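In: sequence first, then the predicted structure, then my questions.
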Amino acid sequence: KPLLSIKNLVKVYGKETRALNGITLDFFPGEFIVIIGPSGAGKSTFIRSINRLVDPTKGEIIFDGQHMEKLSGRKLRKERSKIGMIFQHYNLVGRTNVIKNVLHGQLSNIPLYKSLLGLYHHEDKKEAVELLKKVGLEDQIYKRADELSGGQMQRVGICRAILQRPKLLLADEPIASLDPLSANIVMQQLHTISQEKKLTCIVNLHQVDYAKKYATRIIEIKKGLVVFDGAPSQLTDSI
Ligand code: ADP
Ligand code: ADP
C-alpha cells in the first residue's frame, strides 16, 4: 500500500506557466526516490506540492490516508508535521545554536510558550545530540548555525527533519549549493539515516551520478511530465 499517491497533479503559475502537466505516481514505504530533470522541469514544484508549500491547481495528493489538497489550518499542520523537509539553503536560524536549530523542527509539536522558554522535552534533546553525533557534529552542538560550513549546515538540516520523526522526508536540491566533497557526505548521511529509520525519502537532484549511487528508484521529470520511472540500472546513458 502506498504511503503517498499523487493523481493527475497539475500546477499552473499565473496564467500560463504549466510547471506540472498531470503527474501520477505512487510512493511506497522505505523507498529512496531521486527525482532528476533539467532546471525548470517542475521538480521543486512537485516536491513542494506534496506538503502544500505550493498549492496545486488540480489533482490529488493522498498522504497517509489524507487528501492533502483538501486540508487547511490545524488539520494541514498535523499532516505536515509527519513530513520532514530539507531545503537547498538549509533554512536554519543563523544566530541560534546548532542543537536549538535541530529542536526547532519539533516546535510544532510542543506548546509555543514552552518552546519560547526553551523547555524542550528531555527525550528530544537526547535524540538531537545522538543525531548530531551520527552526522559528525558532536563538537559543534553549541556553535551558532551561521558559523558552520554549508555541508555542516545541511547536516543540521537533516537532523532537524529526522527529529520531527516524520513518515516522509522531502529534500529539495539538498546538495545544489555544496562542493562535491560535502555533497557526497550529505547524500551518504541522508541515505544512511533514512534507511536506518525506514523512512520514505524523496530527493530532488540535478546530478544523475548521485541519483544512480543512492536511489532505489529514479524518476525523471521534463516539462512537468514523468518521462522515466524505474530502477537506477534501467536508466540509459542518454539522460
Ligand atoms: P525545477 O525545480 O525542476 O527547476 P521548478 O518547479 O522550480 O523546476 O519550476 C518549474 C517552472 O515553474 C519553471 O518554469 C519556473 O520558472 C516556474 N515557477 C516556479 N516557481 C514559480 C513561482 N513561484 N511563480 C511563477 N513561476 C514559477
Ligand atoms: P530555493 O529553491 O532556494 O527556495 P528558488 O530559486 O528555486 O529558491 O526559488 C525562490 C522562490 O522564487 C521560490 O518561492 C520559487 O517558487 C520562486 N520562483 C521560482 N521561479 C519563479 C518564476 N519563474 N517566477 C516567479 N517566482 C519564481
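Out: Yes, it's here. Numbers count the residues shown, from 1 in each chain. Ligands and ions are numbered 1, 2, ... in the order given.

In: residues from the protein in reach of ligand 1?
Out: Near ligand 1, the residues belonging to the chain are Y13, G14, T17, A19, G37, S39, G40, A41, G42, K43, S44, T45 when assessed by Cβ under 6 Å from any ligand atom. To be clear about C-beta, it is placed using only N, CA and C from the backbone, and glycine gets the same treatment.

In: ok, those vs D124, which is closest?
Out: Within those, the smallest distance to D124 is 29.7 Å, found for S44 (Cβ to Cβ).

In: do you know the pLDDT at that closest one?
Out: For S44, the model assigns a pLDDT of 98.

In: so the helix or strand containing it, near ligand 2 or not?
Out: Assessed by DSSP states H and E, S44 sits inside helix 43-50. Yes. Using Cβ under 6 Å from any ligand atom, helix 43-50 reaches ligand 2 at S44.

In: quick one: the following helix or strand past that helix to helix 43-50, angle?
Out: The first helix or strand that comes after helix 43-50 along the chain, using DSSP H and E, is strand 58-63. Interaxial angle of strand 58-63 relative to helix 43-50 (axes from the mean of the first three to the mean of the last three Cα atoms, to 10 degrees): 60 degrees.

In: in strand 58-63, what's buried?
Out: Going by neighbour count (16 or more other Cβ atoms under 10 Å), the buried part of strand 58-63 is G59, I61, I62, F63.

In: repeat that for stretch 127-143.
Out: Within stretch 127-143, the residues that count as buried by 16+ other Cβ under 10 Å are E127, A128, V129, L131, L132, K134, V135, L137, Q140, I141.

In: chain center to it, what's the gap?
Out: 20 Å (Cα atoms, centre = their mean, to the nearest Å).

In: what about it, start to end distance?
Out: End-to-end distance of stretch 127-143 (Cα to Cα, to the nearest Å): 18 Å.

In: make CSV out of the buried residues of strand 58-63 and add pLDDT and distance to K197.
Out: Shown next, in CSV, are those (pLDDT from 0 to 100; distance: Cβ to Cβ, whole Å):
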residue, pLDDT, distance to K197
G59, 98, 29
I61, 98, 23
I62, 98, 22
F63, 98, 18
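
In: farthest pair within the residues you listed?
Out: Pairwise distances across the buried residues of strand 58-63 (Cβ to Cβ) peak at 13.0 Å, for the pair G59 and F63.

In: so how far is T200 from the spatially most central residue of the chain?
Out: Computing the C-alpha centroid of the chain and ranking residues by Cα atoms, centre = their mean puts L170 first, at 2.0 Å. In this view, L170 and T200 are 10 Å apart by Cβ to Cβ, to the nearest Å.
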